[in-house]
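Trainee: what's the 3D shape of this:
(chains A, B, C and D)
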Number of protein chains: 4
Amino acid sequence: MRKGGKGWPEATAPLDGPAAQGSACSYYEVYFAIRKSVKIGSQANRSSSISASNAETILVRGHDLVRDLIGRIGFTDHIWLLVAGAMPTPAQRRILDATLVAISEHGLVPSVVASRMTLAAAPDALQGAVAAGILGCGSVVLGSSEAAGQFLSEVVARAASADIRAAATAVTREYRAAKRTIPGYGHPLHKDYDPRARRLLEIAREAGVAGRHCEAATVVAELLPSITGKELPMNVSGAIPAALLDAGFPLQALKGVPIIARTASLVAHLLEELQRPVGFVLSHAAAAAVGYDGRAPAGFVPTANQ
Amino acid sequence: MRKGGKGWPEATAPLDGPAAQGSACSYYEVYFAIRKSVKIGSQANRSSSISASNAETILVRGHDLVRDLIGRIGFTDHIWLLVAGAMPTPAQRRILDATLVAISEHGLVPSVVASRMTLAAAPDALQGAVAAGILGCGSVVLGSSEAAGQFLSEVVARAASADIRAAATAVTREYRAAKRTIPGYGHPLHKDYDPRARRLLEIAREAGVAGRHCEAATVVAELLPSITGKELPMNVSGAIPAALLDAGFPLQALKGVPIIARTASLVAHLLEELQRPVGFVLSHAAAAAVGYDGRAPAGFVPTANQ
Amino acid sequence: MRKGGKGWPEATAPLDGPAAQGSACSYYEVYFAIRKSVKIGSQANRSSSISASNAETILVRGHDLVRDLIGRIGFTDHIWLLVAGAMPTPAQRRILDATLVAISEHGLVPSVVASRMTLAAAPDALQGAVAAGILGCGSVVLGSSEAAGQFLSEVVARAASADIRAAATAVTREYRAAKRTIPGYGHPLHKDYDPRARRLLEIAREAGVAGRHCEAATVVAELLPSITGKELPMNVSGAIPAALLDAGFPLQALKGVPIIARTASLVAHLLEELQRPVGFVLSHAAAAAVGYDGRAPAGFVPTANQ
Amino acid sequence: MRKGGKGWPEATAPLDGPAAQGSACSYYEVYFAIRKSVKIGSQANRSSSISASNAETILVRGHDLVRDLIGRIGFTDHIWLLVAGAMPTPAQRRILDATLVAISEHGLVPSVVASRMTLAAAPDALQGAVAAGILGCGSVVLGSSEAAGQFLSEVVARAASADIRAAATAVTREYRAAKRTIPGYGHPLHKDYDPRARRLLEIAREAGVAGRHCEAATVVAELLPSITGKELPMNVSGAIPAALLDAGFPLQALKGVPIIARTASLVAHLLEELQRPVGFVLSHAAAAAVGYDGRAPAGFVPTANQ
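Mentor: Below is the predicted model of the structure:
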């Protein structure tokens, strides 16, 4: 890197992070950024600790896959091992099982509808239809577990130097002042509790993992009526991070739980779509629900309105 | 449908299938196709049997999700329930666990590399990076379990009216004659057996599910040297369908098993990517491995070749 | 590669092709396959001829991007240059423009519905919603241009040694005998001609590019009534490859034309979705069109049926 | 909706927006939210103004597709028409052409590498490989045009009541204070100007559209050395929104421009991948660049390190 390049890092993220290559995207920019990061002896990471293999052995998180894992552990153990880096305790496994089961299947939700319509249009690429479904796991739907996890973590962090009720009140009021949704609360149907949320907290207590995040989640539910003037019961996306964070699951991987769970549901729906297709029925009904209000020649009658 | 439309179904797939709307794609075509399918009393399916819910209850395959599933069954049970429609036996659960664990993680394979690079470029959308990884579960990589399942099913079907060795010989020769790969066999390293394949067949026997598909898979491995003149050991993508089909898993959902398994692996890699990014290192190394052989002005030196 | 590996290529595709790594997918398999291909002096390609750059110059297909392309050519020229490798003639540009315009927008078709629902669920990731829409460009919807292109190419190739009418008859009869759809023909509404198809063929003639593929497409339309007993007019997905192939567009890139065209449409729909959202309206209407026919406790009434 | 539901909207976004269904995602929640929005007479949008059709006519933005658009306008006109809702002026077309050409192709950038690797693994699904490439158009790579557009819009809005230099200084200082990157500036190679950025601004002036956004972009480039102590030239992702916003392109659709442009590039690379595959070469080189630093048994030597 020439001296003249000095100005560049100023306006971008640190070199080691994912934003290292800045706002540019051409090949040589990436090339030079990487080359520079090497030349100036930066901390650019060049390692992974998840898996390695040779002709005899496949290691996963240090375990011999064939000798020690296949046939000896369940898939939920394997998910925890892969993501968290070590085997789960029975309590950790139980929490992960419960949250995966809770969030996996909910009928013809948007991600499932998108996925089945995609398979109808492209029946040869099951992976494409699964991918289309996963792309609907965003900040509004399914991804709210992650936002709720960040909210609860903030409350728990604040509570290190304060009463948890005071911490919860402070963080909740800050969210409200910033006009942010309190993620993990509120439900169009259940005045009391989302039954899935209540059940997950019960399981966390039964499994002996319920701790500060579950406590924070419960305290916030108690505080919300006085702060907002309304009942706002905890929903499933509030209970999932409460239970998982108390069990030791990594905060940054929280969004992966609904994604893994939903993948199983998508496979079930896509098998049904292959056997009893409704993809174009879904598509037609969707399109028929939306009218046309753009310009049209006099007398034009769109087909769907007939 | 007006009389004039009669010609249409001639050149397309049956109305009930995913190709019902034919090769066209405009809105009104879909609309008319659906409308027609209703008018002529066809069997157009308009139902799903996976899940339903009301304010009190969420049903999954007929079970009350909150009361009977969350906290009572493991995720592997739930996957089987969702996909196959009924609770697995312990043996079925064991086979599904073993195959999911076997195929989940293999280091920096193409789908993982694509996924980590995608997160590096778009760090705000974890679901996008997972989707990019899943899109690499195709016919060449990961999807070969499904092709192997179809091959083994063909052998088993043929063996209903013949010796399994004769059936295996016939189907294998037909594949060879059609210049098709025998899916599930051959490995660049292991002259003997892919250790994962050997272990999965062992587990199928231990669990008491090993049946005609495992037998077919083994017989084919024995026959291949005489048919091809080479050793072609069974690989993991041959053993997965052998074990799962004998356990009663649906053939058309076979490709879902590596997809679900790989999703867990992708979440682990993406968490690592957030914490210790290598996405642009991967991208740079990839690009640097490929030269430019197109037209260029005299004296032009591309950066990567320096 | 050790001698024992010799058996491997037998059951797989040639080393140079995309199937070189066979049905396996672990890291070391890929590694060894690549390493082997180098050691044995194979023709493994390691070059690209599309673009190269250094600090001063970005080359695209040998042209200086900044000096010669930006501001001097249109995007359609650039698409042709990128895909076909050389600047288009005015006639080629006109055909590509016409086909892109013809196939870009068709209202709330499945891919658009899936895309808008995906943005509703994940509003922060526009690229994810575009990707979900593109995943619906499959063999049934949009992708039929490619199948029609292969069919027409087959007729034209056969006509090298025969009358085009005889060739068309032979290929059509073979498709029918194999129970394959004749791709590019048949339409639920238009007894005569799909107006887009008719217009595209007109433009091909006006532009002076109409040749053997347009002729083949027209001859097939004439033959179909006598072969099938029905009128089967050419549809837009038959006319697009006829015009593009006669203009010299690469057969294997045909599917890219509807994909590029549809991406523009998706961006328009996603902007509208941000401004006037209907994503959940679409999703709700879709779900409400499909009932539940699975097991349920006595007296259970699903919400959507109320 | 029952009275008890009143509490719900409190913690979520307004009912009409994409977040209307809140953090929950089950089918009946979506159902009730939609049903409620209708019952309470809300402004839920149920219309689209992009396209409509009947058996005779396909309308796109009010124009007759077959009669007025196919063969009469170019694809760039069509993109502008679709996205902005009206035909472009010649100057608007020229700007859109220039930006699309500028950002379309840059060699083996991460999105292209991911796409080619995906096609190598799943060669039957071209649309899946394109989608994988588009998923890499995120906030770090390619998406920075959108962030730069928001930054420039902020400067221009502020300049309504102040000198543009004062407005630019204020907004830039606020970004710096919030530790945000100044999007659209800085480049690892070019001390002076990114040649693409310089060319795009030239074209905006030539076309007569250069206005407040181009002015703001230029002023910021002049101010940055004194604010940051470094040269930070405008890059292509700064010039694209400057030119497009001055031409009247919608701010919220800015990210669509690199996405549409890149789709064309991806099709070119995927055609090359089908003809001269490098997907597994890319994947192997990527994986070989990253070592393993996890736990391993004594003496374990991973294959890639050999």
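
Trainee: Where does A:V219 sit: helix, strand or coil?
Mentor: Using DSSP: H, G, I helix; E, B strand; the rest coil, the structure places A:V219 in helix.

Trainee: My error: substitute A:L270 in the last question.
Mentor: Classification of A:L270 by three-state DSSP places it in helix.

Trainee: how many neighbours does it have?
Mentor: 28 (other C-beta atoms under 10 Å in any protein chain shown). Bear in mind the C-beta positions are built from the backbone N, C-alpha and C, glycine included.

Trainee: ok, now A:A44?
Mentor: A:A44 has 19 neighbouring residues, counting by other C-beta under 10 Å.

Trainee: Can you tell me which residue is spatially central in chain A?
Mentor: What sits nearest the mean C-alpha location of chain A, by C-alpha atoms, centre = their mean, is A:K255, with 1.8 Å.

Trainee: Ignoring the adjacent residues along the chain, who's closest to that residue?
Mentor: A:E146 (4.1 Å; C-beta to C-beta, 6 or more residues apart in numbering or on different chains).

Trainee: secondary structure element for the one you found?
Mentor: Per DSSP states H and E, A:E146 falls inside helix A:144-158.

Trainee: Which residues in that helix does the neighbour count mark as buried?
Mentor: Residues of helix A:144-158 classed as buried: A:144-149, A:151-156, A:158 (neighbour count, 16 or more other C-beta atoms under 10 Å in any protein chain shown).

Trainee: Give me the contacts around that helix.
Mentor: Applying C-beta atoms under 8 Å, 6 or more residues apart in numbering or on different chains, the external contacts of helix A:144-158 come out as A:103, A:139, A:164, A:167-168, A:170-171, A:175, A:181-184, A:212-213, A:216-217, A:219-220, A:237-238, A:240-242, A:244-245, A:251, A:254-255, A:257-258, D:22-24.

Trainee: what residue ranges in the stretch 101-250 of chain A score low on pLDDT?
Mentor: A:188-192 (pLDDT under 70).

Trainee: Now do the strands in it.
Mentor: Read by DSSP state E, counting those that start in this stretch, the stretch 101-250 of chain A holds no strands at all.

Trainee: Give me every residue in it lying close to chain D.
Mentor: Listed as neighbours of chain D in the stretch 101-250 of chain A under the rule C-beta under 8 Å from any C-beta of the partner chain: A:106-110, A:122, A:124-125, A:127-128, A:131, A:140-142, A:144, A:147-148, A:181-189, A:191, A:194, A:224, A:228-232, A:235-238.

Trainee: Cross those against helices and list the overlap.
Mentor: In this view, those that belong to helices under DSSP state H are A:P110, A:Q127, A:G128, A:A131, A:S144, A:A147, A:A148, A:L224, A:T228, A:V236, A:S237, A:G238.

Trainee: Check those and tell me the two furthest apart.
Mentor: A:Q127 and A:T228 (43.2 Å; C-beta to C-beta).

Trainee: Please identify which of those two sits among more neighbours.
Mentor: Using other C-beta under 10 Å, the more surrounded residue of A:Q127 and A:T228 is A:Q127, with 30 against 17.

Trainee: show me the contacts for that one.
Mentor: B:I134, B:L135, B:G136, B:C137, B:G138, B:G143, B:K255, B:I259, D:A122, D:A125, D:G128.

Trainee: Turn those residues into CSV, including distance to C:D293.
Mentor: Output for the contacts of A:Q127, formatted as CSV (distance: C-beta to C-beta, whole Å):
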residue, distance to C:D293
B:I134, 29
B:L135, 32
B:G136, 35
B:C137, 30
B:G138, 33
B:G143, 31
B:K255, 25
B:I259, 26
D:A122, 33
D:A125, 31
D:G128, 32
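
Trainee: of those residues, closest to C:F300?
Mentor: B:I259 (31.6 Å).

Trainee: which SS state does that closest one fall under?
Mentor: Per three-state DSSP, the local secondary structure of B:I259 is helix.

Trainee: Would you state the predicted confidence (pLDDT) at it?
Mentor: At B:I259, the model reports a pLDDT of 97.

Trainee: Hmm, A:R262 and it touching each other?
Mentor: No - using C-beta atoms under 8 Å, B:I259 is not in contact with A:R262, being 11.8 Å away.

Trainee: So which bits of stretch A:193-211 are buried?
Mentor: Buried-residue list, stretch A:193-211, by 16+ other C-beta under 10 Å: A:193-204, A:207, A:209-211.

Trainee: if I read this right, A:A44 contacts B:V281, doesn't it?
Mentor: Yes - using C-beta under 8 Å, A:A44 makes contact with B:V281 at a distance of 6.6 Å.

Trainee: So what does A:S53 have for phi and psi?
Mentor: Recorded main-chain torsions at A:S53 are phi -160, psi 160, according to degrees, to the nearest 10.

Trainee: does it really touch B:H106, like I thought?
Mentor: Yes - using C-beta under 8 Å, A:S53 is in contact with B:H106, at 7.2 Å.

Trainee: Comparing the two, which residue is more hemmed in?
Mentor: Neighbours per residue (other C-beta under 10 Å) separate A:S53 from B:H106, with B:H106 holding more: 28 against 24.

Trainee: close enough to count as contact, that one and A:I50?
Mentor: No - the pair B:H106 / A:I50 is not scored as a contact, 9.9 Å apart, by C-beta under 8 Å.

Trainee: shared neighbours, these two?
Mentor: By C-beta under 8 Å, 6+ apart, the residues touching both B:H106 and A:I50 are B:S265.

Trainee: residues from the stretch 51-200 of chain A in reach of chain C?
Mentor: The stretch 51-200 of chain A comes close to chain C at residues A:51, A:53-55, A:58, A:107-111, A:113-114, A:117-118, A:120-125, A:128-129, A:131-132, A:135-143, as judged by C-beta under 8 Å from any C-beta.

Trainee: could you flag which of these are buried?
Mentor: With burial judged by 16+ other C-beta under 10 Å, the buried subset of those is A:51, A:53-54, A:58, A:107-111, A:113-114, A:117-118, A:120-123, A:125, A:128-129, A:131-132, A:135-143.

Trainee: near chain B too, which of those residues?
Mentor: Applying C-beta under 8 Å from any C-beta to these, those adjacent to chain B are A:51, A:53, A:58, A:107-108, A:120-121, A:123, A:125, A:128, A:131-132, A:135-138, A:143.

Trainee: Going by neighbour count, list what's buried in the helix or strand containing A:T99.
Mentor: In this structure, A:T99 sits in helix A:90-104 according to DSSP H and E. Within helix A:90-104, the residues that count as buried by 16+ other C-beta under 10 Å are A:91-104.

Trainee: Model confidence score at A:A55, please.
Mentor: 80.

Trainee: Sorry, slip of the keys, the one I care about is A:W8.
Mentor: For A:W8, pLDDT reads 26.

Trainee: sorry, back to before: what is the nearest of the buried residues of helix A:144-158 to chain C?
Mentor: Closest to chain C out of these is A:S144 (10.5 Å), distances taken as C-beta to the nearest C-beta.

Trainee: Brilliant, that's me finished.
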